[in-house]
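> I would like to see how this sequence folds:
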Amino acid sequence: MAILEYDAQGLEVTPLQDGTTFSHANKQARWNTLLESAKQSIFRAHETGELGFLTCFQDGLDEMEAFSTKLTSSQTLTHQLVLGIGGSSLGALAILATTGGDAGGLKTVFSENIDPVSFHRQLQSLPLETTLVVVISKSGTTIETMSKFWIVYNMLVENFGEEQAAKQVVAITDPEKGSLRKLALEKGFHTFGVPPEVGGRFSVLTPVGLLPLLLAGYDIRALVQGAQSVVTHIKESRIEDDLCAQAAADQIELLQQGNISQVVMMPYCDDVLPLADWFRQLWAESLGKRVNRKQENVFTGITPLKALGVIDQHSQVQLYAEGPMDKHVMFVEVEHFEQDYTIPMMEGFPEALKHLQGKSLTQLLHAELEGTRAALVSAARPTSLWRFASLAPQSVGAFILAWEMITALAGELLDINAYDQPGVELGKKIAHGLLGHEAHLELAQQMSTDAADSDTHVWSVK
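Next comes the predicted model:
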């Protein structure tokens, strides 16, 4: 049985700009040669050390497991507070969510946002004396993560002293440089390195994601086994049989030939929804670019959205079926659930619902997915289906690695740099300036002046 499947039959109803409909044969004729070149380019970048997401999970497991064993046997720890944001947090959070949030190890709280009220609630929920703080920042200057870290570290020092505080902190950061690396050396924090050749949003299969998951009790060996199965598939498959290559080509074909500029990931499983959040960051930051590699303005990208079946059948599907023809709906199905319930055979059942008696909730869920997909196909809306055999770590690891490769391939087909994020840097600089950073004061003042001078309108209710 396959641990992960991609079914793209639902794309063939999509009307294209030239008056034809989407055809996998035509797509392959258009893209397969370019896909082969794209794969080789990604492999070469790994061989030269420019990229590392296909190999980053092959080292370091023994070290992390030894640390976890020593930590849990020598200290009475019950919880971990993971401080990170974006690529430093979304992946591990999403993977742990596939277990319902509890894998049998340390109770885990992911703190991402800087909303002071939600941060207060998180701190109040933690027994500080038995909580490990895992701070994740490659640069050590991530404004949100490090601000919260200093708040928590100060609490540890004030309550237990510097020596004990240091024992309750693990820093995951650049292996050689950066302010967090320097601080860890000064204070004696245990550290793990983020491989320099792996960007944040591709880093879940490095210590960034693997260490918090391991401490939470998750089977990271099985997770990376699933990831490795995809790497093997990529290397051994012909381009027309390569799941990742064909999925990437589908996305770009829909964008360029069909003006499908939005993709909705719609899992029919509550525990999979956080994976859609991880996907949204990976896809948006990697592919949303102003310029291509020739520095020409292209303003390209495919906007990632999320929905949850069956709930959003009652809120979003009306738009997907009859609104603008610009969305590709990717359903995500889990074939086997660990628990299930059967609708009972009881007197008094309404006549209109009697056909449900004796059916399981899994049957109901699958039928609603199939019905919704068929309805969208009948409306000539592109759909595809990703199917997990189960939420076992092997399937989850395969999904993670597959989408990292699909994203990288899509970047090659668009001829853009999928590994930078220049569009978010200006906002960071302005924020620093507004908070008093001397290097950015003038920029912040200028932008504030421009905003004040613009023709803005503000309405209020009193």
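> where's the residue located most distally from the centre of the chain relative to residue 361, distance?
Distance from the C-alpha centroid of the chain, by Cα atoms, centre = their mean, peaks at residue 347 (46.3 Å). To residue 361, residue 347 is 21 Å away according to Cβ to Cβ, to the nearest Å. In short, each C-beta sits where N, CA and C put it, glycine included.
> Residue 89 too?
In terms of Cβ to Cβ, residue 89 sits 31 Å off from residue 361.
> more crowded one of those two?
Set residue 89 next to residue 361 and count neighbours by other Cβ atoms under 10 Å: residue 89 wins out with 25 against 13.
> Tell me which residues touch that one, please.
By Cβ atoms under 8 Å, 6 or more residues apart in numbering, the contact list for residue 89 reads 82, 110, 112, 136.
> Would you report the backbone torsion angles of it?
phi -140, psi -40 (degrees, to the nearest 10).
> related to what we said a few turns ago, on the three-state scheme, the residue farthest from the centre of the chain is what?
coil (DSSP: H, G, I helix; E, B strand; the rest coil).
> Over to the one 5 residues further on?
Following three-state DSSP, we place residue 352 in the helix state.
> Report how many residues lie close to it.
The burial count for residue 352: 7, using other Cβ under 10 Å.
> Low-confidence stretches in this protein?
For the chain, the stretches with pLDDT under 70 are 449-456.
> what's the longest strand in it?
strand 327-334 (DSSP state E).
> other SSEs contacting that one?
strand 262-267, helix 361-378, strand 383-388 (3 or more Cβ pairs under 8 Å, 6 or more residues apart in numbering; DSSP states H and E).
> Work out which residue lies at the spatial centre of this structure.
Centroid check for the chain by Cα atoms, centre = their mean gives residue 278 as the closest residue, at 1.5 Å.
> Downstream of the helix or strand harbouring it, the next helix or strand is which one?
With elements taken from DSSP states H and E, the one containing residue 278 is helix 273-287. Heading C-terminal from helix 273-287, the first helix or strand you meet, by DSSP H and E, is strand 289-291.
> how about the nearest residue to residue 291, chain neighbours excluded?
The shortest distance from residue 291 to any non-neighbouring residue, by Cβ to Cβ, 6 or more residues apart in numbering, is to residue 297 (5.9 Å).
> Could you count how many residues lie near that neighbour?
9.
> Would you confirm that it contacts residue 416?
No: contact between residue 297 and residue 416 fails when scored by Cβ atoms under 8 Å: they sit 11.6 Å apart.
> shared neighbours of those two, anything?
residue 291.
> and the nearest residue to residue 132 once chain neighbours are set aside, bridged to which residues?
In space, and not counting its chain neighbours, residue 132 is closest to residue 80: 4.5 Å by Cβ to Cβ, 6+ apart. Beta-bridge partners for residue 80, by DSSP bridges, are residue 108, residue 132.
> The protein: strands as residue ranges?
Taking DSSP E as the criterion, the chain carries its strands at 4-7, 79-83, 107-111, 131-136, 169-173, 190-193, 262-267, 289-291, 297-300, 303-306, 327-334, 383-388.
> Point out the other helices and strands that the second one packs with.
Contact analysis of strand 79-83 by 3+ Cβ pairs under 8 Å, 6+ apart lists strand 107-111, strand 131-136, helix 143-167, helix 207-215 as its packing neighbours.
> What of the last one?
Using 3+ Cβ pairs under 8 Å, 6+ apart as the contact criterion, the elements in contact with strand 383-388 are strand 4-7, strand 327-334, helix 361-378, helix 393-414.
> try the third one
With contacts defined as 3+ Cβ pairs under 8 Å, 6+ apart, the packing partners of strand 107-111 are strand 79-83, helix 90-97, helix 116-124.
> To residue 387, which of the ones you listed lies closest?
Shortest distance between residue 387 and the helices and strands packed on strand 107-111, using Cβ to Cβ, is found for helix 90-97: 17.8 Å.
> Distance from the closest one to the middle of the chain?
8 Å (Cα atoms, centre = their mean, to the nearest Å).
> orientation of that helix relative to helix 207-215 in degrees?
Helix 90-97 runs at 20 degrees relative to helix 207-215, counting by axes from the mean of the first three to the mean of the last three Cα atoms, to 10 degrees.
> Could you list the residues in contact with helix 90-97?
Contact partners of helix 90-97, identified using Cβ under 8 Å, 6+ apart, comprise 82, 103, 108, 110, 112, 201, 203-205, 208-210, 212-213, 216, 218, 223, 271-275, 277-278, 281, 393, 396, 400.
> re earlier: the longest strand of the chain pairs with which strands, and in what direction?
Counting by DSSP bridges, strand 327-334 is paired with strand 262-267 (parallel), strand 383-388 (parallel).
> Mind putting the ones you listed into a markdown table with distance to residue 307?
Converted to a markdown table, the strands paired with strand 327-334 look like this (distance: least, Cβ to Cβ, whole Å):
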| stretch | distance to residue 307 |
| --- | --- |
| strand 262-267 | 4 |
| strand 383-388 | 12 |
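> Tabulate those (a markdown table), appending mean neighbour count and distance to residue 10.
As requested, those are exported to a markdown table (neighbours: other Cβ atoms under 10 Å; distance: least, Cβ to Cβ, whole Å):
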| stretch | mean neighbour count | distance to residue 10 |
| --- | --- | --- |
| strand 262-267 | 23 | 12 |
| strand 383-388 | 22 | 4 |
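> I'd like to know which of these lies nearest to residue 237.
Nearest of those to residue 237, taken as Cβ to Cβ: strand 383-388 at 17.5 Å.
> what's that closest one in contact with?
With Cβ under 8 Å, 6+ apart, strand 383-388 has contacts from 2-8, 10-11, 247, 250, 272, 328-335, 373, 376-377, 395-396, 399.
> now those: which count as buried?
3-6, 8, 10-11, 247, 250, 272, 328-334, 373, 376-377, 395-396, 399 (16 or more other Cβ atoms under 10 Å).
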